[in-house]
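[1] next input, structure requested:
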Amino acid sequence: MDKKIEIYIDFEAITSNFLRRIFKNVPHNFEFPYIYTVGYYKNDDLILDTGYINLKKIWNLENLINQSKTTLKWMLTKSIRKITGIKNLEINSHNIDFLVWGNSLEDNIIEPMFGFKTKNIQKGSGISIDKVVPSKLFNENYFKKMEAIENQKALYKGSTIKLKPDFSSGAMCAVLGAILILNNFKNSYQHKAYDRPLNDDEKNIIIDCISQYNRDDVKKIAFIHKNSDKKEIIENQIYYYIWKTNKLRNEEVKLSKLKSILKVINNIVTLDKDSTVEYAVNKANEFFELEENKNNQSKKVFENYLPLLNTEFKSNSLILKNIKLNSRKLNKIKQEIKTIKEEILPSIADTIFGY
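    Below is the predicted model:
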């Protein structure tokens, strides 16, 4: 084959921390991939195929590991041959490039299975793909359909594993997969807080939600790969604002320490508008030297942050003025961090793509 076939791929997996609540002796850092989507451009049309392991057949750890290796390999091979239209396509490093966004999970699955690593189209690491694609292209609440599940307690009241409202979509997929496996064990402690396990219709709703989320992740990978020039601009801007945020957070930590020691001084020393830093520090030292104050809880804060205070403020500067200025700077930095997180970062992709 002259040119490698590019296959976009993404998995949803149950992580080891949840698997250990179901089975004993789960291998360290083992993840169980149970849903996948593969994508392939054919005449500029993105062809997708989604598959999932039948979790009803998972009864023990040995069976689960076998499903993640033998069964999943067979399913993936079948799906890739289906979307490419090549009946006897061999899945190897000479024929295939698996394109992914972040390859830690995918390499752990693909390399033992097919003998080669995936190709990560992400620059660096740590950036969610949702930050790189326009928000209006993929703006679906993937798990909203689960509101139709009558047995909500089976999702949110499980005694062993349960959903939490603040879970990310990826975490939800891991937890939901674990809940579906526990659903096989009718007498499990998991079901103690509710009347019945999930029925087949409810389980199908869950699988449909996860599948749609997974399919869209592959669509996002394909979209970004086709727009690699814009992707690089977006990533560079994101990394700049991450760097800027880290710098601001370091400054926030410093100012917070100063706020702590200034608060201690203000609480134990009588200050007026003419009080200097030197005067305030001397009075604080005198206070903590008194026998009854040697074990004062504020003493540790004072001693730990005094070198920083001496570095940041001149000894003859006015202490009350410094308290106000420090508070103002701290509030400003917190607002800058909030603006970057809530306004700038979410809008970068939309701006670059013209949405």
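
[2] only C-alpha atoms for contact and neighbour calcs from this point on.
    Fine.

[3] tell me who's in contact with residue 116.
    For residue 116, the set of contacting residues under the criterion of C-alpha atoms under 8 Å, 6 or more residues apart in numbering consists of 92-93, 110.

[4] for these, which one is nearest residue 27?
    Closest approach to residue 27 among the contacts of residue 116 (C-alpha to C-alpha): residue 110, at 17.6 Å.

[5] got a pLDDT number for the nearest residue to residue 353 once chain neighbours are set aside?
    For residue 353, the nearest residue in space outside its immediate sequence neighbours is residue 134; the separation is 6.9 Å by C-alpha to C-alpha, 6 or more residues apart in numbering. Reading off the per-residue confidence, residue 134 sits at a pLDDT of 94.

[6] what does residue 1 give?
    For residue 1, the model assigns a pLDDT of 61.

[7] do residue 292 as well
    Value listed for residue 292 in the pLDDT field: 85.

[8] quick check: it vs residue 263, distance?
    In this view, residue 292 and residue 263 are 20 Å apart by C-alpha to C-alpha, to the nearest Å.

[9] who's more crowded, those two?
    A side-by-side neighbour count of residue 292 and residue 263, using other C-alpha atoms under 10 Å, places residue 263 first with 15 against 9.

[10] how far does stretch 48-68 sit from its chain's centre?
    Between the mean C-alpha location of stretch 48-68 and the chain-wide mean there is a distance of 25 Å, by C-alpha atoms, centre = their mean, to the nearest Å.

[11] just the helices in this protein please.
    Counting by DSSP state H, the chain forms helices over residues 16-19, 61-66, 72-84, 104-114, 153-156, 169-182, 200-226, 228-268, 277-289, 298-312, 319-339, 345-353, given from the N-terminal end onward.

[12] could you list the buried residues of stretch 306-319?
    Counting neighbours by 16 or more other C-alpha atoms under 10 Å, one finds that the buried residues in stretch 306-319 are 306, 309, 313, 315, 318-319.

[13] picking that back up, of the contacts of residue 116, which is the most crowded?
    In terms of neighbours by other C-alpha under 10 Å, the contacts of residue 116 top out with residue 110 at 18 neighbours.

[14] you'd agree that residue is up against residue 103?
    No: Residue 110 lies out of contact with residue 103 (C-alpha atoms under 8 Å); the separation is 9.8 Å.

[15] which residues do those two both contact?
    Joint contacts of residue 110 and residue 103 (C-alpha under 8 Å, 6+ apart) are residue 118.

[16] turn the buried residues of stretch 306-319 into a markdown table, including pLDDT and distance to residue 288.
    As requested, those are exported to a markdown table (pLDDT from 0 to 100; distance: C-alpha to C-alpha, whole Å):
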| residue | pLDDT | distance to residue 288 |
| --- | --- | --- |
| 306 | 98 | 13 |
| 309 | 98 | 17 |
| 313 | 97 | 21 |
| 315 | 96 | 19 |
| 318 | 97 | 22 |
| 319 | 97 | 19 |
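
[17] and those, which two are the farthest apart?
    When C-alpha to C-alpha is used, the two most widely separated members of the buried residues of stretch 306-319 are 306 and 318, lying 16.0 Å apart.

[18] returning to that earlier point: so the residue nearest to residue 353 makes contact with residue 349?
    Yes: look at residue 134 against residue 349 with C-alpha under 8 Å: they come within range, at 5.1 Å.

[19] can you redo the contacts of residue 116 as JSON lines with distance to residue 202?
    Compiled in JSON lines, those are given as follows (distance: C-alpha to C-alpha, whole Å):
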{"residue": "92", "distance to residue 202": "38"}
{"residue": "93", "distance to residue 202": "40"}
{"residue": "110", "distance to residue 202": "31"}
